[in-house]
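Peer 1: What follows is a predicted protein model with its sequence.
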Amino acid sequence: MSKKRVVYNGFKFTRDDQTGYYLSTTLINGKRKRLHRYVWETHHGTIPKGYSIHHIDEDKNNNDISNLELMKSGRHSRLHHVELITDEQKERRRKNLVNSARPAASKWHRSKEGRIWHKKHYQETIAKIPEQEYICQYCGKVFMSKPNGKNVFCSNNCKSANRRASGVDDVERVCQICRSKFTTNKYSKASTCSKECRGKLNWSNRRKLRA
């Protein structure tokens, strides 16, 4: 069963019951974007003019990058609008795509031939996309990067620092010395609330080792 709402890369997307596509509930780089297009741009950069993103198994709920294909808009339109088929034929074709096409496509993308194709495709399309100027939302530094839908921070250090500052990974712990509660990052090994308590804990541990 398809979900009405999904979250990808921190953004929320809601399914349009008329089109079946998922649309962002907020602006992404100044625009509301369809999920399948945003997923492609996140991995490969801006979609070239005259191209569309096609769901390989024709399931608009399956927006995994392995199920998305860059395709000329004319060919994409013909795939979806030229044939008038019955619901029974559509269901039979859908099952065939899900059971056969998707596994075969996934295997091909991981093969040597598939990797060569991806490299050539990158050189012919994505590599030609010019870099743009952005401002880091953490340190304010101006940096250049290819548009990929994630041009928010100038480095992984700033991305991590911003996440720590936001407190999204904070947890509450109990100090092993004074038993008071304190807040720290969940990835931190801290077990005491202060430098003073940490010193007492280290002294206690040294005494146990000498005993």
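Peer 2: Cool, got the structure. Residues are numbered from 1 along each chain as shown.
Peer 1: all contacts plus neighbour counts: C-alpha atoms, from now on.
Peer 2: Fine.
Peer 1: gap between the helix of greatest length in the chain and the chain center?
Peer 2: Secondary structure assigned by DSSP state H gives helix 195-210 as the longest helix of the chain. Its chain's C-alpha centre and that of helix 195-210 lie 43 Å apart, by Cα atoms, centre = their mean, to the nearest Å.
Peer 1: And for stretch 15-30?
Peer 2: Remark: stretch 15-30 is offset 16 Å from the chain centroid, using Cα atoms, centre = their mean.
Peer 1: Could you export it as PDB, CA atoms only?
Peer 2: Taking Å, rounded to 0.1, in the frame of the first residue of the first chain, the C-alpha atoms of stretch 15-30 are listed here in PDB:
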ATOM      1  CA  ARG A  15       1.400  12.100  -2.700                       C
ATOM      2  CA  ASP A  16      -1.000  13.800  -5.200                       C
ATOM      3  CA  ASP A  17      -4.000  11.500  -5.600                       C
ATOM      4  CA  GLN A  18      -4.600  12.700  -9.100                       C
ATOM      5  CA  THR A  19      -1.200  12.300 -10.600                       C
ATOM      6  CA  GLY A  20       0.300   9.700  -8.100                       C
ATOM      7  CA  TYR A  21       3.500  11.800  -7.800                       C
ATOM      8  CA  TYR A  22       4.900  12.900  -4.500                       C
ATOM      9  CA  LEU A  23       5.400  16.700  -4.100                       C
ATOM     10  CA  SER A  24       7.500  18.500  -1.500                       C
ATOM     11  CA  THR A  25       5.400  20.300   1.100                       C
ATOM     12  CA  THR A  26       8.000  23.100   1.400                       C
ATOM     13  CA  LEU A  27      10.300  24.900  -1.100                       C
ATOM     14  CA  ILE A  28      13.600  23.200  -2.000                       C
ATOM     15  CA  ASN A  29      16.000  25.800  -3.500                       C
ATOM     16  CA  GLY A  30      13.000  28.000  -4.200                       C
END
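Peer 1: Please spell out which residues along it are buried.
Peer 2: 15, 21-24 (16 or more other Cα atoms under 10 Å).
Peer 1: again, but for stretch 106-122
Peer 2: If you call a residue buried by 16+ other Cα under 10 Å, then stretch 106-122 has no buried ones at all.
Peer 1: Can you dump the C-alpha atoms of that stretch in CSV for me?
Peer 2: Coordinates of each C-alpha in stretch 106-122 appear next as CSV, following Å, rounded to 0.1, in the frame of the first residue of the first chain:
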residue,chain,number,x,y,z
SER,A,106,19.3,-3.4,-10.5
LYS,A,107,21.7,-6.2,-11.5
TRP,A,108,22.6,-4.5,-14.7
HIS,A,109,23.4,-1.2,-13.0
ARG,A,110,25.9,-3.0,-10.7
SER,A,111,27.5,-4.9,-13.6
LYS,A,112,30.7,-3.9,-15.4
GLU,A,113,28.7,-2.8,-18.4
GLY,A,114,26.3,-0.8,-16.2
ARG,A,115,29.2,1.0,-14.5
ILE,A,116,30.8,1.9,-17.9
TRP,A,117,27.4,3.3,-19.0
HIS,A,118,27.1,5.4,-15.8
LYS,A,119,30.6,6.8,-16.3
LYS,A,120,29.8,7.7,-19.9
HIS,A,121,26.5,9.1,-19.0
TYR,A,122,28.1,11.3,-16.3
